[in-house]
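In: Predicted coordinates and the sequence they were generated for:
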Amino acid sequence: MAVLVTGGAGYIGSHMVWTLLDAGEDVVVVDRLSSGFRWAVAPAARFYLGDAADEALLQKIFTENDIEAIIHFAGSAVVPVSITDPLAYYENNTGKTRSLMSAAVKARVRHFVFSSTAAVYGPQASSEPVSETAPLHPETPYGYSKLMSELMLRDAAAAYDFRYVALRYFNVAGADAKGRTGQSTDGATHLVKVACEAALGKRPQVDIYGTDYPTHDGTGVRDYIHVTDLTDAHLKALHRLRGGGSSLVANCGYGMGYSVLDVLNMVTRVHGHAFKIRMAPRRPGDAASVVADSSLARRELSWTPKYNCMETIVRSSLDWENYLGQRSNLDLESTRKALAASF
Ligand SMILES: NC(=O)c1ccc[n+]([C@@H]2O[C@H](COP(=O)([O-])OP(=O)(O)OC[C@H]3O[C@@H](n4cnc5c(N)ncnc54)[C@H](O)[C@@H]3O)[C@@H](O)[C@H]2O)c1
Ligand SMILES: O=c1ccn([C@@H]2O[C@H](COP(=O)(O)OP(=O)(O)O[C@H]3O[C@H](CO)[C@@H](O)[C@H](O)[C@H]3O)[C@@H](O)[C@H]2O)c(=O)[nH]1
């Protein structure tokens, strides 16, 4: 029996593949490499290049492998782009999730774990910490594209022999403790990645988007979760579904809020050198503070985070950024091309 990981060449998906392999699972990946990298996929996983909604490709994957569960990461994840190009987000995040679910139901794949997001709550999430029963008012097409997928999962589970766990991620950061993978996307917008790049001289500075929020220092507060704790929650979700547990929607965060300045100070401290910081206006769609009530995931999934420490998150991110810097762009590019040519 194998687990199909869609988007397994991306940031979170590539960590999921290692978490599954470390747990002795048989892993199959499908990824179209729009933002992921072939070299990021652990060699022991079987890789299919293509779209996670391509019916013929999925049919081939289901025929060639005994897929028992799907963990679905493939999607578009840059929130501001979802505002300028909403239809692309509804297509890739909602329409293609529907196609994948339909193929799963037809092939009798009964277990599905889905990448959802804290963005489903919207800006009123400021009354912290936010639990799963909070009103769902996404501020962006990205949040709606994920919420609509959650609703499809709910209805599919009511109608078919199909169960799911949707995990609403808060701010994912950090890299594999063994240095096997990390966040490699060019032009990333996530704060921890941006700050690590600036610390290592890959960017001229970090802009702080808003200094007048009603938070302890005026900058935005978020709940940063280490990517390996997140993938461990997915593994626990898989165990729940296999054990006959009911479908579940649960937050994944630590319940600890850090401001932008807190994060930048930690990067400076761990790195050992200051880097340039610039005050900038608020970014559209940003909430003042978003912190998880994660008691449901801890209870229902028996999930106990192991890396819930900002210093650990930042250290692993800096280690990965250093590693990327040591491998020249040429090296990464030629690895990528050579692998792509082999398909
Ligand atoms: N990073 C975060 O903070 C965060 C927070 C909440 C939710 N999420 C969700 O988690 C998932 C993974 O995010 P990530 O940060 O790893 O992003 P990522 O861009 O690094 O990974 C996405 C992967 O999916 C692939 N992909 C995209 N569309 C595809 C398609 N139609 N078919 C096949 N492959 C496709 C990309 O090539 C990439 O490898 C996304 O669904 C995202 O919305 C991320
Ligand atoms: O260069 C930067 C980048 C970010 N920020 C601030 O840092 C905080 C975190 O921003 P970012 O890392 O971009 O994450 P979010 O906008 O909070 O969104 C993330 O977290 C959401 C869940 O809460 C996910 O759904 C999204 O995919 C993911 O991008 C916010 O206050 C931003 O305004 C800056 O000040 N400067």
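Out: Arrived safely, thanks for sending. Numbers count the residues shown, from 1 in each chain. Ligands and ions are numbered 1, 2, ... in the order given.

In: now the strands for the chain?
Out: 2-6, 26-31, 46-49, 67-72, 111-117, 163-169, 171-173, 206-209, 221-222, 224-226, 248-252, 258-259, 277-280, 289-290 (DSSP state E).

In: Tabulate the CA atom coordinates of the second one in CSV.
Out: Spelled out, it's strand 26-31. Taking Å, rounded to 0.1, in the frame of the first residue of the first chain, the C-alpha atoms of strand 26-31 are listed here in CSV:
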residue,chain,number,x,y,z
ASP,A,26,5.8,3.6,0.5
VAL,A,27,5.6,7.0,-1.2
VAL,A,28,4.5,8.1,-4.6
VAL,A,29,4.7,11.8,-5.7
VAL,A,30,2.9,13.7,-8.4
ASP,A,31,4.1,17.2,-9.2
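
In: List the strands paired with it, with their directions.
Out: strand 2-6 (parallel), strand 46-49 (parallel) (DSSP bridges).

In: is the last one up against ligand 1 anywhere?
Out: No: applying CB under 6 Å from any ligand atom, one finds that strand 46-49 is not in contact with ligand 1, the shortest distance being 8.9 Å. Quick note: C-beta positions are derived from backbone N, CA and C, even for glycine.

In: and Ser317, how many neighbours does it have?
Out: Ser317: 26 surrounding residues under other CB atoms under 10 Å.

In: now swap in Leu136 and tell me
Out: 15.

In: ok, now Arg278?
Out: 9.

In: who does it bridge with?
Out: With DSSP bridges as the rule, Arg278 is bridged to Asp207.

In: roughly how far apart are the residue in the chain that ligand 2 sits nearest to and Thr189?
Out: Nearest residue of the chain to ligand 2, counting by CB to the nearest ligand atom: Gly220, 2.4 Å away. Distance from Gly220 to Thr189, counting by CB to CB, to the nearest Å: 13 Å.

In: of those two, who's got more company?
Out: Gly220 (24 against 13).

In: Quick check, the more buried one in contact with Pro214.
Out: No: contact criterion CB atoms under 8 Å: Gly220 and Pro214 do not qualify, at 10.6 Å.

In: shared neighbours of the two, which are they?
Out: Residues touching both Gly220 and Pro214 by CB atoms under 8 Å, 6 or more residues apart in numbering: Ala288.

In: In the stretch 51-200 of the chain, what residue comes closest to ligand 1?
Out: Counting by CB to the nearest ligand atom, the stretch 51-200 of the chain gets nearest ligand 1 through Gly75, at 3.0 Å.
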